[in-house]
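Asks: below is the sequence, then the predicted model.
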Amino acid sequence: MKFKVHKAWNIKFWKTKKTFTYILGLGLFLFVAFNCLTWYWQKFSGALRPFWQTQWENLYYRLGGNEWVIFIIATIVVPGIFFWSINSILMVADITGKPGFITQNHIQLGKNDPVDTTKLRKAIRVGLYNQIFISLPMVMLMLPILKWRGDPFSLSLPTLYRFLLELAFNALLEEIMFYYIHRSFHHPFLYKHIHKWHHEWTAPVGIISMYAHPVDHVITSMIPVLTGPVLLGSHVVSFMTWLTLTVLYGSITHCGYSLFPSTEFHDYHHLKFNECYGVFGFLDLLHGTDKMFRCSRAHKNISESIPELPKKKKKLTDLS
C-alpha cells in the first residue's frame, strides 16, 4: 500500500515538474521572442522613419508651410484621387463586363450585368454632391479642431507604433459608432425618410458608398470616421492615411464583386436589409445580427453568388 502511494506521489511529482518545466520553457521562449520582435520592430521602424520624415519636411517647405494648402491636399485631394481612381475601374467593369478577372467574381449573378447607366449617373451626381457640399466643409472644419487638440503640422512625424495604434483605434471606434448609428437608421421612420436612399441599390456598386441622403451621409458616414482623429489629435499625415483607407474600404465593400470577405458581408446587408450592420462584423457577431449571413456562407465558396444558395445546398444533398 505504501509502495502504491509512493509511486502515485512520484507520478504526480513528475507530472507537476513536467508542467512547471513546460510553463517555464514557454515563458522563456515568449520572453525571448518578444525581445527579438521588439528589436526587429525598432530596426524596421527606425529604417523607415528617416525616409518618410524627409519626404514630409520637403513637402512642408515646398508648400511654404501653408497649413490650409497642405490640409486640402492631404484630406481632400489625395483621398479623392484614390476614391475616383478605384471607382473609375469598377464603373468600367460594371458597364463593359471587363476585365474578366474582376467581373467573374460577381456576387449577385445576373444583377448589374451590365449596370443600369441611368441609375449609375444619378449615383455619381449624388456622390459628387455629398463630397463637395458635405464632406469637404466637414473636413475643412477639422483643421481648427485638430489644431486645438494637438499639432497636426508638426515637423516631427508620429512614430510607426503611434501611427498604427491610431489606425487601430480609429477602426475600432468607427465599428462601434457605425454599427449603432446604422442600425438605428433602420428604424421604420428613419429608414423610410432617410436611409432608404442608400438601399435603392439591393445589388450595390462601388460608387454608392457615397450615395445617401445628406443627413445619412453626415451622421452615418462622416461622424464615425472623423471622431477618432479628433479624440487623438492626429497628425495630418495620419489623418490623410485614415481618410484614404476609409474611402477605399467603402468602395470595395460596395463594389459587388467578391474581392474580399468584407465585400460579401456588406453586399448581404443590401440584399437582406436587416443583417450585417457593421463595418468589420465584430458587433454583428456579438448581437447576432449576422446569423443568416453566417448560415448562408456555410454552403458556398467565397466567389459564389448569394442568390444561388438553395441550388448549392441541393447539390450537397445530391452528393450525400
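Replies: All right, it came through fine. Numbering: from 1, shown residues only.

Asks: now the helices for the stretch 101-250 of the chain?
Replies: 117-130, 136-149, 160-184, 188-193, 214-216, 223-232, 236-254 (DSSP state H, counting those that start in this stretch).

Asks: which parts of the third one count as buried, going by neighbours?
Replies: Put plainly, it is helix 160-184. 160, 163, 166-167, 169-171, 173-179, 181-183 (16 or more other C-beta atoms under 10 Å). Where C-beta positions appear, they are placed from N, C-alpha and C, glycine not excepted.

Asks: residues touching it, excluding its own?
Replies: 41, 44-45, 48-49, 157-158, 190, 219-220, 223-225, 227-229, 231-232, 234, 238, 241-242, 245-246, 277-280, 282-284, 289 (C-beta atoms under 8 Å, 6 or more residues apart in numbering).

Asks: buried among these? Make that a PyMOL selection.
Replies: In PyMOL, this line selects whichever of the contacts of helix 160-184 come out buried by 16+ other C-beta under 10 Å:
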select buried, resi 157+158+190+219+220+223+224+225+228+229+232+234+238+241+242+245+246+277+278+279+280+283+284+289
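
Asks: quick one: residue 263 from residue 77, how far?
Replies: 27 Å (C-beta to C-beta, to the nearest Å).

Asks: check what pLDDT the closest residue to residue 236 other than its chain neighbours gets.
Replies: The spatial neighbour of residue 236 that comes closest, neighbours along the chain excluded (C-beta to C-beta, 6 or more residues apart in numbering), is residue 152 at 4.5 Å. What the model reports as pLDDT for residue 152 is 95.

Asks: can you check residue 100 too?
Replies: 82.

Asks: still on that earlier bit, which one of the helices of the stretch 101-250 of the chain lies closest to residue 101?
Replies: helix 236-254 (15.3 Å; C-beta to C-beta).

Asks: avg pLDDT for that closest one?
Replies: 95.

Asks: what comes up buried for the helix or strand just after that helix?
Replies: Heading C-terminal from helix 236-254, the first helix or strand you meet, by DSSP states H and E, is helix 261-272. Within helix 261-272, the residues scored as buried using 16+ other C-beta under 10 Å are 263, 264, 265, 266, 267, 268, 269, 270, 271.

Asks: next one, pLDDT for the last one please.
Replies: Here, the pLDDT recorded for residue 271 equals 87.

Asks: looks like it contacts residue 202 (just checking).
Replies: Yes: if you go by C-beta atoms under 8 Å, residue 271 and residue 202 touch, sitting 5.9 Å apart.

Asks: and the residue nearest to residue 241 when sequence neighbours are not counted, how far is that from residue 50?
Replies: Nearest non-adjacent residue to residue 241, counting by C-beta to C-beta, 6+ apart: residue 167, 7.1 Å away. Distance, residue 167 to residue 50, by C-beta to C-beta: 21 Å.

Asks: alright, calling it a day.
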